[in-house]
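[1] just need the structure, nothing else, for what follows:
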Amino acid sequence: MAFILNATGNVVSYAEAVDVRDKDQRIFESNEIEFTNVPDAPLTLDQYIEDLTTKTTNRINTKIRLSARWREYLSQTGSGLDNNNIPAFDPDKILERKADFTDMCAYGALYMYLLPKVADFGNPESPEVQKIQYYEGRFNDLFDELMADFTWFDNDGDGTIEDGEKQIRFRLNRRSRSRKSVARVK
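    This next block holds a predicted model:
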């Protein structure tokens, strides 16, 4: 359960093949996943899964970069955000909650790439379609949780996460005792 790094030590993928297999072993036992007909066909199924986790990691990084919460975080930490250039998300600066990123990447690889290869979309009650919906929900829940809690990111890259780099968004609910409905305050 570790990030996959390239030769220069940069993060390439948040999950390994074993992480994806641990989430749903039955898809690999009961279904034949064809990976030999893809461009640049890998030699093994594990290599194919790790190629998909790399694609999933790139999609996660793009999703983070395009989120309003990333822009808000950069403006709050004073990270050189201007209107025309949003800095890319650097996965090498993730210091905490790495297991959550690994889980999110495994869920994403399952629902975006692996399960659609074997799903029967003509039958919405098929187990694979149900699993796609389940893993998509888990992926989105974990993504939203990580975006609300930026205590895992080392913005300045010095190896520690100081208080100025931690940004937590939480919503306080305040109730009134009047006859009016509950008021929510941000």
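
[2] give me phi/psi at Val11?
    When read as degrees, to the nearest 10, the backbone of Val11 gives phi -70, psi 130.

[3] tell me the contacts of it?
    Neighbour list for Val11: 3-5, 57, 91-92, 94 [criterion: CB atoms under 8 Å, 6 or more residues apart in numbering]. The way it works is simple: take the backbone N, C-alpha and C, and place the C-beta from them, glycine included.

[4] ok, 7 Å please
    3, 5, 91-92 (CB atoms under 7 Å, 6 or more residues apart in numbering).

[5] what of Thr56?
    105, 108-109, 112.

[6] now intersect these with the helices, please.
    Within these, residues falling in helices by DSSP state H are 105, 108-109.

[7] out of those, who has the most neighbours?
    Using other CB atoms under 10 Å as the neighbour test, the ones in helices among the contacts of Thr56 are led by Ala109, with 30 neighbours.

[8] next, count neighbours for the nearest residue to Asp22 once chain neighbours are set aside.
    Leaving aside its chain neighbours, Asp22 sits nearest to Ala106 (7.6 Å; criterion: CB to CB, 6 or more residues apart in numbering). For Ala106, the number of neighbouring residues by other CB under 10 Å comes to 29.

[9] you'd agree Glu16 is up against Leu5?
    No: if you go by CB atoms under 7 Å, Glu16 and Leu5 don't touch, sitting 11.1 Å apart.
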